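K.L.:
From the sequence below, what's the structure:
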Amino acid sequence: MDASSVPRSVALVQARAWTDQKRWDRVVELIPKLLAENPEVLEAYLLAARAHINAGNHRMAQRLSQECVRLGPNNVEARYLAAFATNTRLANKHLKAALALNPTWAPLHQLQAHFYLVAQQRDKALESLRLAKQLAPGNADISGELVQLESTGRYLPSEVRKTTQQYKEALMLDPDNANLHYKLGKHLLNLEDDFVGALQSLTVALRSDATNKTYQQAYLRALRRTDPFIKALLTPYLWAQFFDRLIHRKHTSKREETLFGILAIPMFLLWLTCIVLFLIFFTLPVMIYARLTLAEFRAQSISLMPGDQPGWSWSRWPQYWRYLTMALLFALPWTLVGLSIWHVEIMLGVALLMLVVAIIDTARCIGQWVGQGWRERHRPLGILKAFFRVLVPVGSIGAMLGLSFYDKDTFMIWLIFWAILIVPFTLYRWHRAWIS
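P.N.:
From the prediction side, this is the model:
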């Protein structure tokens, strides 16, 4: 049934308006009324499916897209949404049907490129994206995805600068494209080390979608990298990343491949040296400093001035205390290494302290995990998630206590094994949360 053959629906008109403005949250709220007023209208289901896809509700999007196909089996958008929302086997079936209906619609080839990437067929994905760009040269999203894929494995300074220019050319097609600004900001942050430029691009992305967690994390990371102390401490880590990229670089000629093959061992040794230096002498001070200034950076990421945020913050320390703290952080790992060489018990004491801190922090994270599951108990399947999140830690602790009464030797072996794993895991989490 076509929309023009039914009485005018207020919900349908409103849903069109919210869709044009990309207010997917408002469209999702409107869906029950929209489908109640238009139970057999294809456009209503298309709008509902698009809203759930963009809101990340893939289960509902899959169900609604199947209804779209039922109401319009020869509708290209219905097939496209069904391909986007369903599993791989059925998705390919819907995509082939859509391409048969309209082989010149660029988003279909863009989606096909995504499927090729999932199947690890990069060359075919490139072909599909290039065809999509030919069909829609003014589509900024397609241009941005093509730049991102073509630049993979291209890490020489000249290649990085070329990629930056290509991203800027793609942005000329749509200067307010949040996703493209995010990609450019991430590129400037990770490969160009242009933290100010990254902040500018990520600011535009956040202005368009201030609640996007991915944008927020990237912005916080770029903001953190503008700190001179963190930049200095991360120098060996950044050099290690540079050598790692050169080792894994995709080569464009046989001569280049031979040259990099000869240099592979020296570059690996340089990479290893930088990693060892960073792990031994720089990891601890950068993580402590990042933790001390975390509240400060988070405040700046939401445009608060230093000292404006409630509670404790690094900016409220007297200047001389800050300088003294940074000097002590520089000296701390060197002192610990020196003392550990002469006194092994100091190393054991530091390891024990780290283990206790890791256990406390892990317990805190488990508590947050359980609490989040309990808060989401009213959502679909929420009570099952809450039950699972309570059962896993309680059951694990109960099993460990039971094992301690049954066989103390096995219990001690498991406890030591768990301790060996928990410290690196905690360090990795801290690195991801405070530095990356």
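
K.L.:
For residue 194, give its distance to residue 421.
P.N.:
Computed as C-beta to C-beta, to the nearest Å, the residue 194 to residue 421 distance reads 37 Å. From N, CA and C alone the C-beta is placed, and that goes for glycine too.

K.L.:
Which of these two has more residues huddled nearby?
P.N.:
More crowded of residue 194 and residue 421, by other C-beta atoms under 10 Å: residue 194, with 18 against 11.

K.L.:
Show the average pLDDT along the helix or strand in which residue 404 is found.
P.N.:
According to DSSP states H and E, residue 404 maps onto helix 382-406. Over the span of helix 382-406, the pLDDT mean works out to 72.

K.L.:
could you say what helices and strands it packs with?
P.N.:
Helix 382-406 sits against helix 344-375, helix 408-430, with contacts defined as 3 or more C-beta pairs under 8 Å, 6 or more residues apart in numbering; DSSP states H and E.

K.L.:
if you set the cut-off to 6 Å instead, what comes out?
P.N.:
With contacts taken as 3 or more C-beta pairs under 6 Å, 6 or more residues apart in numbering; DSSP states H and E, helix 382-406 sits against helix 344-375.

K.L.:
For this protein, name the helix or strand with the lowest mean pLDDT.
P.N.:
One helix or strand of the chain scores below all others by mean pLDDT, DSSP states H and E: helix 382-406, with a mean of 72.

K.L.:
Residue 139 - how many residues pack around it?
P.N.:
20.

K.L.:
which phi and psi does it have?
P.N.:
For residue 139, the backbone dihedrals (degrees, to the nearest 10) come out as phi -80, psi 110.

K.L.:
cool, and residue 57?
P.N.:
Here residue 57 shows phi and psi, under degrees, to the nearest 10, equal to phi -90, psi 80.

K.L.:
Next one, pLDDT for it please.
P.N.:
Per the predicted model, pLDDT is 81 at residue 57.

K.L.:
Count the residues that sit near it.
P.N.:
Neighbour tally, residue 57, other C-beta under 10 Å: 17.

K.L.:
In contact with it, which residues?
P.N.:
Contact analysis of residue 57 by C-beta atoms under 6 Å, 6 or more residues apart in numbering lists nothing.

K.L.:
Same check on residue 51?
P.N.:
24, 27, 28.

K.L.:
Helices - which of these land there?
P.N.:
Members of these lying in helices (criterion: DSSP state H): 24, 27, 28.

K.L.:
So for the residue nearest in space to the middle of the chain, what's the nearest residue that isn't a sequence neighbour?
P.N.:
By C-alpha atoms, centre = their mean, the chain has its centre lying nearest to residue 214, at 5.4 Å. Spatial nearest neighbour of residue 214, chain neighbours left out: residue 182 (7.2 Å); criterion: C-beta to C-beta, 6 or more residues apart in numbering.

K.L.:
Would you map the helices across the stretch 201-350 of the chain?
P.N.:
Using DSSP state H, counting those that start in this stretch, the helices of the stretch 201-350 of the chain run over 213-225, 228-233, 235-247, 254-277, 283-292, 294-301, 319-342, 344-375.

K.L.:
Now do the second one: everything it contacts.
P.N.:
So the one you mean is helix 228-233. Counting by C-beta under 6 Å, 6+ apart, 224, 282, 285, 286, 326 sit against helix 228-233.

K.L.:
on that earlier part again, my guess is the residue nearest to residue 214 meets residue 205, correct?
P.N.:
Yes: between residue 182 and residue 205 there is a contact under C-beta atoms under 6 Å: 4.3 Å.

K.L.:
Spit out the residues that contact these two alike.
P.N.:
With C-beta under 6 Å, 6+ apart as the test, residue 182 and residue 205 both reach residue 215.
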